[in-house]
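>>> sequence first, predicted model second:
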Amino acid sequence: MRFQTPLVPGRLIRRYKRFLADVRLDDGREVTAHCPNPGSMMGLKEEGLRIWLEPNDDPKKKLKFAWRLAELPGGQWAGIDTAVPNKVVKEALTLRKVPEFGDYERVQPEVKYGTNSRVDFLLDDQVYVEVKNVHLRRDGDWAEFPDSVTARGTKHLNDLIEVVRSGHRAVMFYLVQRTDCARFKLASDIDPQYAAAFDEARAAGVEVLCYGTHISRDGVEIADPIPVDPSPQAGF
């Protein structure tokens with residue numbers, strides 16, 4: 001997935017009201033950018049953080065910049081936009097870059113299922129795939145999910161359990177939008193209920209996949225698989 005226009009650099013002044021960020025661009029201008037991320041963004045919202053914005057000239061958009069990337073120490077990157085993982089995964093599924101889904105041809109996004117839910121992708125009317133964005137890192141090279149309580153995420157896990165019970169294949173797909181992580185686990189201290197639902201889902205036969213990303217100022221692409229902690233995540 002490539003960005004539509006070249007990104008411009010700046011320094012974060014503050015992120016507020018969930019979807020707004022004040023930024024000082026390298027050319028000295030101060031602008032308010034759209035922050036396409038409803039989560040807590042723990043560790044990615046500190047004042048002075050070097051970030052990259054995508055400008056737009058759309059007359060229908062009030063904000064003329066959108067926050068896309070955070071530049072991390074050591075030349076590493078983090079993607080901010082929580083809509084990007086679905087775009088990246090759709091591209092990867094279409095191009096058959098995920099070996100676990102190599103035999104499926106038809107990729108349908110946003111298909112109704114479960115209890116008032118829409119699955120991110122349905123493959124050949126057989127495989128239900130939910131995608132989650134991951135960009136929390138607190139402990140070594142571990143990527144963690146979630147960064148805040150997610151009742152919606154817990155509901156998706158329960159829906160996938162019902163998919164398995166109905167005889168279909170169900171997959172929870174975590175895409176790590178950071179380039180400095182090599183392993184994945186749940187942040188069970190942040191949302192114990194989600195961790196418990198995750199353990200139940202995995203025991204019921206819901207498959208868990210985690211992939212990394214290649215991130216640059218040009219765009220975001222799927223990278224290699226990232227191992228998932230095999231131990232129970234709820235701690236009991």
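The structure has been received and is ready for your questions.
>>> okay, now residue 174: neighbour count?
Residues lying near residue 174 (other CB atoms under 10 Å) number 22. For the C-beta atoms, the positions are set from N, CA and C on the backbone; glycine is no exception.
>>> apart from its neighbours in sequence, what residue is nearest it?
Setting aside the residues directly before and after it, residue 174 is nearest to residue 210 in space (CB to CB, 6 or more residues apart in numbering), at 4.4 Å.
>>> check contacts around that neighbour.
Applying CB atoms under 8 Å, 6 or more residues apart in numbering, we find residue 210 in contact with 134, 143, 173-176, 184, 225-228.
>>> mind doing that once more with 10 Å?
With contact set as CB atoms under 10 Å, 6 or more residues apart in numbering, residue 210 has these partners: 132, 134, 143, 145, 172-176, 181, 183-185, 225-229.
>>> just the buried ones from these, in ChimeraX syntax?
To isolate the buried ones among those in ChimeraX, judged by 16 or more other CB atoms under 10 Å, type:
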select :132,134,143,145,172,173,174,175,176,181,183,184,185,226,228
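>>> returning to that earlier point: measure the residue nearest to residue 174 to residue 119 for me?
Distance, residue 210 to residue 119, by CB to CB, to the nearest Å: 18 Å.
>>> secondary structure element for the most centrally placed residue in the chain?
The residue lying closest to the centre of the chain (CA atoms, centre = their mean) is residue 133, at 1.3 Å. Element membership of residue 133, judged by DSSP states H and E, is strand 127-134.
>>> following the chain onward from that strand, which element is next?
Next along from strand 127-134, by DSSP H and E: strand 136-139.
>>> avg pLDDT for the next helix or strand after that following strand?
Toward the C-terminus, strand 136-139 is succeeded by strand 142-145 as the next helix or strand (DSSP H and E). The average pLDDT within strand 142-145 is 98.
>>> what of stretch 103-121?
Looking at stretch 103-121 alone, the average pLDDT works out to 90.
>>> cool, and stretch 24-32?
The average pLDDT for stretch 24-32 rounds to 96.
>>> just stretch 226-236 next, same as before
The model assigns stretch 226-236 a mean pLDDT of 89.
>>> can you pull the phi/psi pair for residue 161?
Main-chain torsions, residue 161, degrees, to the nearest 10: phi -60, psi -40.
>>> is it true that it touches residue 197?
Yes. Assessed by CB atoms under 10 Å, residue 161 is found in contact with residue 197 at 8.3 Å.
>>> anything in contact with each of these two?
Counting by CB under 10 Å, 6+ apart, the shared contacts of residue 161 and residue 197 are residue 206.
>>> between the two, which has more neighbouring residues?
It is residue 197, of residue 161 and residue 197, that has more neighbours when counted by other CB under 10 Å, with 23 against 20.
>>> can you pull the contacts of residue 155?
114-117, 194, 197.
>>> need the three-state assignment for the closest residue in space to residue 49 that isn't next to it in sequence.
Nearest-residue entry for residue 49: residue 12, 4.4 Å, with adjacent residues in sequence omitted and distances by CB to CB, 6+ apart. Three-state assignment for residue 12 (DSSP: H, G, I helix; E, B strand; the rest coil): strand.
>>> brilliant, that's me finished.
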